[in-house]
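S.K.: need a structure here:
(one chain, ligands or ions: 1)
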Amino acid sequence: MILEHPLTDDERAFLERVATFARDQVMPHADQWDHDEILPREIFTRAGEIGMMGMVAPKEFGGGGMSNVTAALAIKELGKAYAALAMDIAAHNALSVGQINRFGSDEQKQKYLPRLTSGEWIGAWALTEPNAGSDTGGIETKANAHEDHWHVDGLKKFITSGRTADLLVVMATTGRTDKGKNEISAFIMMKDQVTPVRKIHTYGMRASDTAELRFENAKAELLGERGRGREQALSVLDRGRIGIAALAVGIAEASFERANSYANERKQFGHAIGDFQAVQWMLVDSAMELEAAEVLTMHAAYLQDQGETTTKESAMAKLFASESAVKICDRSMQIHGGYGYSRDLPVERYLRDAKLCEIGEGTSQVQRLVIARHVLKEAKPLKLAHREPREPNR
Ligand SMILES: Cc1cc2nc3c(=O)[nH]c(=O)nc-3n(C[C@H](O)[C@H](O)[C@H](O)COP(=O)(O)OP(=O)(O)OC[C@H]3O[C@@H](n4cnc5c(N)ncnc54)[C@H](O)[C@@H]3O)c2cc1C
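M.R.: Here you go, the predicted model:
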């Protein structure tokens, strides 16, 4: 760990359990799961048994009540072993569990959280649609009030754990605002209301159940206040993006460690390739970016733990960590030469998986937009609008 955040004994014990789980129960199967493009349901049950399915959620709802720093360290550790599983677990924690925990009624929390935090249920989070990706305000899925519940109709795209989830948090429009924009509300929906359309086969994160879903008159219950769905979603994304940053750091670290060892061991021209400056410089850039990415990620998680709003810091962590991860994984492949490009090693998988981190939970371009808004607002007025012209010294 780069930043020495104070962790409780319970958190340290938890991280040891995560490391053992990742090493013994995940890493040996990662290549096979990636090849088969499926994760066994039992692996989520086991993740639940060690406390990974409700890391930050309060203990009274079966969660671990742990810090966001601990959760980020756990996702990083699991991300080193198999990124697709770590991504599913990160999304479950930060998005579906996170949104119910923060905005649900006491009754909803009592009813749904214990089964999600124990790992009995998997949660999914559905915002993206065919015509609404970065532009979240443009969603077309509609919800209509019907006696004591709501009926939802529409299509959702790229939903992590979409077909396998037992419960979904779904964003849908419930009318128009005074300004003529979509009024967006959040809903809780059970699996039996969802029509799975298909698994979307992806470049990386192949074992993750990325799905297209249809809702036809699907029964759902309102989550939080009507019309606050977009604000809720953006607020849970502040934590979600820290999870993606931690995941990117995990993938990058696994890839870097392999490349570093390989540079010491692989010999060409009578030397370890690590003796060549060209290879050293690739390793140096990777080591430096990895460290910076981890610092930004843990800093954002730490600020969340202090109760701060981290929209800018989360976006910075996600942007820097994901773009660094892609560069680091690309350099690792280069250092491995043809072996890195082959499917005999997980080096090519790391690169494929890292790429998702630049897209999911908001693309790099969207992170830049978010950061730009904050940075520009923070600008201080200049004391001297114009400098007096000076004659140069001759
Ligand atoms: C594996 C995977 C898992 C996912 N899981 C989930 C999930 O669980 N739940 C969920 O709701 N969604 C999920 N998503 C969807 C993901 O969040 C979106 O793909 C992402 O937000 C981008 O939306 P889009 O794909 O529609 O791209 P678009 O929004 O169409 O963007 C296309 C390109 O245009 C750029 N662009 C768009 N608008 C702007 C702008 N204003 N300025 C500059 N550039 C811009 C983008 O950066 C991008 O390069 C997942 C996606 C993937 C691939």
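S.K.: what about the residue in the stretch 101-250 of the chain that the ligand sits nearest to, neighbour count?
M.R.: The stretch 101-250 of the chain approaches the ligand most closely through G133 (1.7 Å), counting by C-beta to the nearest ligand atom. From N, CA and C alone the C-beta is placed, and that goes for glycine too. A count of neighbours around G133, defined by other C-beta atoms under 10 Å, yields 17.
S.K.: and it, backbone torsions?
M.R.: In terms of degrees, to the nearest 10, the main-chain angles of G133 are phi -110, psi -90.
S.K.: got the contact list for it?
M.R.: Counting by C-beta atoms under 8 Å, 6 or more residues apart in numbering, G133 makes contact with nothing.
S.K.: which parts of the protein sit against the ligand?
M.R.: By C-beta under 6 Å from any ligand atom, the residues of the chain that approach the ligand are 91, 125-128, 133-134, 158-160, 202, 205, 210, 356, 359-363, 365-366, 369.
S.K.: what about stretch 24-35, distance to the chain center?
M.R.: Put simply, stretch 24-35 sits 20 Å off its chain's centre (C-alpha atoms, centre = their mean, to the nearest Å).
S.K.: buried residues in that stretch?
M.R.: Q25, V26, M27, H29, A30, W33, D34 (16 or more other C-beta atoms under 10 Å).
S.K.: then stretch 97-110?
M.R.: V97, G98, Q99, I100, N101, F103, G104, Q108, K109.
S.K.: before we move on, what about stretch 55-65?
M.R.: Using 16+ other C-beta under 10 Å as the test for burial, stretch 55-65 gives M55, V56, A57, F61, G62, G63, G64, G65.
S.K.: where do the helices sit along the stretch 1-150 of the chain?
M.R.: 9-21, 30-36, 41-49, 68-81, 83-91, 98-103, 106-117 (DSSP state H, counting those that start in this stretch).
S.K.: pick the most deeply packed of those.
M.R.: With neighbours defined as mean count of other C-beta atoms under 10 Å, the helices of the stretch 1-150 of the chain peak in mean count at helix 83-91, which reaches a mean of 29.
S.K.: helices or strands next to that helix in the packing?
M.R.: Applying 3 or more C-beta pairs under 8 Å, 6 or more residues apart in numbering; DSSP states H and E, one finds that helix 83-91 contacts helix 30-36, helix 41-49, helix 68-81, strand 149-160, helix 229-265, helix 347-356.
S.K.: again, 10 Å this time
M.R.: Applying 3 or more C-beta pairs under 10 Å, 6 or more residues apart in numbering; DSSP states H and E, one finds that helix 83-91 contacts helix 30-36, helix 41-49, helix 68-81, strand 123-126, strand 149-160, strand 210-223, helix 229-265, helix 347-356.
S.K.: can I get these in TSV with distance to F14?
M.R.: Formatted as TSV, those follow (distance: least, C-beta to C-beta, whole Å):
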stretch	distance to F14
helix 30-36	22
helix 41-49	12
helix 68-81	7
strand 123-126	20
strand 149-160	23
strand 210-223	28
helix 229-265	15
helix 347-356	24
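S.K.: can you list these in a markdown table and add distance to I188 and mean pLDDT?
M.R.: Supplementary listing: the helices and strands packed on helix 83-91 in a markdown table, determined by distance: least, C-beta to C-beta, whole Å; pLDDT from 0 to 100:
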| stretch | distance to I188 | mean pLDDT |
| --- | --- | --- |
| helix 30-36 | 29 | 98 |
| helix 41-49 | 19 | 98 |
| helix 68-81 | 22 | 98 |
| strand 123-126 | 10 | 98 |
| strand 149-160 | 10 | 98 |
| strand 210-223 | 5 | 98 |
| helix 229-265 | 12 | 98 |
| helix 347-356 | 26 | 98 |
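S.K.: most tightly surrounded among the ones you listed?
M.R.: strand 123-126 (a mean of 29).
S.K.: for the nearest residue to G138 once chain neighbours are set aside, give its distance to R230.
M.R.: With sequence-adjacent residues excluded and distances taken as C-beta to C-beta, 6 or more residues apart in numbering, G138 is closest to A132, at 4.1 Å. According to C-beta to C-beta, to the nearest Å, A132 and R230 sit 11 Å apart.
S.K.: anything in contact with each of those two?
M.R.: I139, M171, N182 (C-beta atoms under 10 Å, 6 or more residues apart in numbering).
S.K.: any idea how many residues pack against the residue nearest to the last one when sequence neighbours are not counted?
M.R.: Spatial nearest neighbour of N182, excluding adjacent residues (C-beta to C-beta, 6+ apart): T173 at 4.6 Å. T173 sits with 22 neighbouring residues when counted by other C-beta under 10 Å.
S.K.: contact partners for S324?
M.R.: S324 touches 245, 248-249, 252, 285-286, 288-294, 296, 354, 357, counting by C-beta under 10 Å, 6+ apart.
S.K.: likewise A186?
M.R.: Applying C-beta under 10 Å, 6+ apart, one finds that A186 lies in contact with 99-100, 103-104, 125-127, 143, 169-172, 174, 220, 222-233, 236.
S.K.: let's see it at 7 Å
M.R.: By C-beta atoms under 7 Å, 6 or more residues apart in numbering, A186 lies in contact with Q99, F103, V169, M171, L223, G224, G229, Q232.
S.K.: quick one: strands adjacent to the host helix or strand of it?
M.R.: Under the criterion of DSSP states H and E, A186 resides in strand 182-190. Here strand 182-190 is paired, per DSSP bridges, with strand 167-176 (antiparallel), strand 210-223 (antiparallel).
S.K.: which other residues reach the shortest one?
M.R.: If I follow you right, that is strand 167-176. By C-beta under 7 Å, 6+ apart, strand 167-176 touches 95-96, 99-100, 112, 116, 121, 123-127, 139, 141-143, 152, 154, 182-191, 194, 220, 223, 226-227, 229, 233.
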